[in-house]
Structures are given as structure tokens and as C-alpha cells.
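*Asks:* Sequence first, then the predicted structure, then my questions.
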Amino acid sequence: MPTARDEAVARAVLAVFEERAKVAVPIRPIARSSSASWGMLRVAAVLAVIAVAGSAGAMGLAKLGLIHITGISEPPPAPPGPVRPVRAPVAVPAAPTPPPVVPPVEEAVAAPAPVAQPVPHATRKRTEDPAPVGAEELFASANSARRAGQNGDAVRLYGDLIKLHPDSGQASQARVSLGTLLLHVNNAPERALQEFTGYLARNPNGPLAEEARVGRAMALARLKRPALERQQAWRDILERHPGSIHADQARRRLEELR
């Protein structure tokens, strides 16, 4: 016997058929006791569903238990689509950070060197000239240098003394000392002759006249002056200084020059 559920399902199926097919299906009330009428209703519902929905509808009725289908299975599920490989996200290199913009540093402009102003002649002369030194100080310094064997310094200091203080007594004595150094140390007989002659011109009878005459005679011999000039120089020594320690030397030189 059909149940109330079966009847309700059949009527619902027919209602769906009417809606989709737009065809009214008259359904009369069916008694539950009439097996024939219920069977016809079920057949009509099945046919209507199959006509409208095809095999999919038949499968739905089978699930509801209204019909039994043999040899028909549900269509296999659609195969899954091709699986696309998932690409790992590519790391995009970050744009390089531009270096910080450093404002240009203005180069320091060197201050122009001061232009040297011309020095007046008088001022320049005072700056260049050494401070004046007294005759006594120069003479003492020259003698100290000579005794210490600093002959170069002694020659310079004697020359400065004669140049700066020519009329001083120290300058007269310096001439003889300077002539002796020039003759025996510097091997400069010409300059030595000038110094000896200069002393005798100012001091013919001075305390160093004998040394000056001997030095002059030796300088003439070194310069190989004429014999008469050399004889006169040695003769002056014997006449003016007969007791000189150089008297014997003067006599020998005169004998050689005869």
C-alpha cells in the first residue's frame, strides 16, 4: 500500500512537471486503498519527470525510491581540470637607494699673498748693513780667531776692521796681521804686498814697521819682482833695523841677488 509520503512526492513531482512543461496534469484524489490508481499515478509521474529531465530526472526518482533502475549508474564526475603549477613569487629586486645628495662644499679661496711694498733705499740699507761694531771689538775677535786657527774668520774680521775703521790704530795693526795670513796661509802674495805697503805708508816708524818690511821683501820674492826692487827691500831692513833677528836673512838674500 502506498504511504502518505509516496503520494505527496508523486504530487510534488507532477507539480514540477506542470511548471516546467507548462502543461496541466489533472490529478484526482486517489484513494489509498486503490492500488491500481496509485500505480498509474506513479507511472505518470515517472514518465513526466523523464520526459522533462531525462536521465537525470530518472536518477532523482530512483533516489526518492519511486522507481528502481537497473544498469544505469550515475554519470561519473567531471575530471578535474589540469592542475596548473603554482609558481613561487619572484622577488623583485628593490630599486637601489640613490646616494644622499651632498651639497657641494665651496672651496676655500686662498687669500692673495700680500704684495711686498718697495722698501725705501735708506731703510733697506739700514736693514741689510750689519750693526756697527767698534774697532777694538773687531780687532779682538780677529786675533781670537787667528790664535784658534780659524784663519778664514780671522781674514774676514781683519778686512772688516780695515774697511769700517781705516784710520784707527787697530786698523794699522790689522794690516800687518792680515798681510802675514795672506802671504803664509792663503798663498796670496799680491794682496799681502798691498797690506804691508799700506802699513808702511801710514806708519814708516811704527811698532810693526820691521815685520811689515820683512813681509814686503818676502812678498816681492814670491812675485819674482825685478832684482833691484828686491835688493832695495832687503837693504831697508838692514839700514832701519840693524839689530833685527832678520838681519842675517837680509844679508844672505842680498848676496844671492848680486
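*Replies:* Sure, I can see it.
*Asks:* which SSE is Ala219 in?
*Replies:* Secondary structure assignment for Ala219, by DSSP states H and E: helix 209-222.
*Asks:* List the buried residues for that helix?
*Replies:* Buried residues in helix 209-222, counted by 16 or more other Cβ atoms under 10 Å: 209-221. Heads up, the C-betas are built off the backbone N, CA and C, glycines and all.
*Asks:* Next secondary structure after the lowest-mean-pLDDT helix or strand in the chain?
*Replies:* Using mean pLDDT, DSSP states H and E, the weakest-scoring helix or strand in the chain turns out to be helix 121-128, at a mean of 46. Sequence order places helix 135-147 as the next helix or strand after helix 121-128, per DSSP H and E.
*Asks:* for that following helix, which positions count as buried?
*Replies:* 135, 138-139, 141-143, 145-146.
*Asks:* mind showing which ranges of this protein have poor pLDDT?
*Replies:* Filtered on pLDDT under 70, the chain yields the residue ranges 1-132.
*Asks:* What helices and strands are in contact with the host helix or strand of Leu228?
*Replies:* Assigned by DSSP H and E, Leu228 belongs to helix 227-240. Where contact means 3 or more Cβ pairs under 8 Å, 6 or more residues apart in numbering; DSSP states H and E, helix 227-240 is packed against helix 209-222, helix 247-257.
*Asks:* coming back round to it: other residues contacting the helix holding Ala219?
*Replies:* Helix 209-222 is contacted from outside by 175-176, 179-180, 183, 189-190, 192-193, 196-197, 199-200, 203, 206, 229-230, 233-234, 236-237, 240-241, 244, 246, 250, 253, using Cβ atoms under 8 Å, 6 or more residues apart in numbering.
*Asks:* re the thing from before, buried stuff in the helix holding Leu228?
*Replies:* 230-231, 233-237.
*Asks:* Which of these sits closest to Gly152?
*Replies:* The shortest approach to Gly152 among the buried residues of helix 227-240 belongs to Ala233, at 28.7 Å (Cβ to Cβ).
*Asks:* For that closest one, which residues are in contact?
*Replies:* 213, 216-217, 220.
*Asks:* excluding its backbone neighbours, what's nearest Leu183?
*Replies:* Of all residues not flanking Leu183 in the chain, Ala192 sits nearest, at 3.8 Å (Cβ to Cβ, 6 or more residues apart in numbering).
*Asks:* so what's that neighbour up against?
*Replies:* Going by Cβ under 8 Å, 6+ apart, Ala192 touches 179-180, 182-183, 215, 219.
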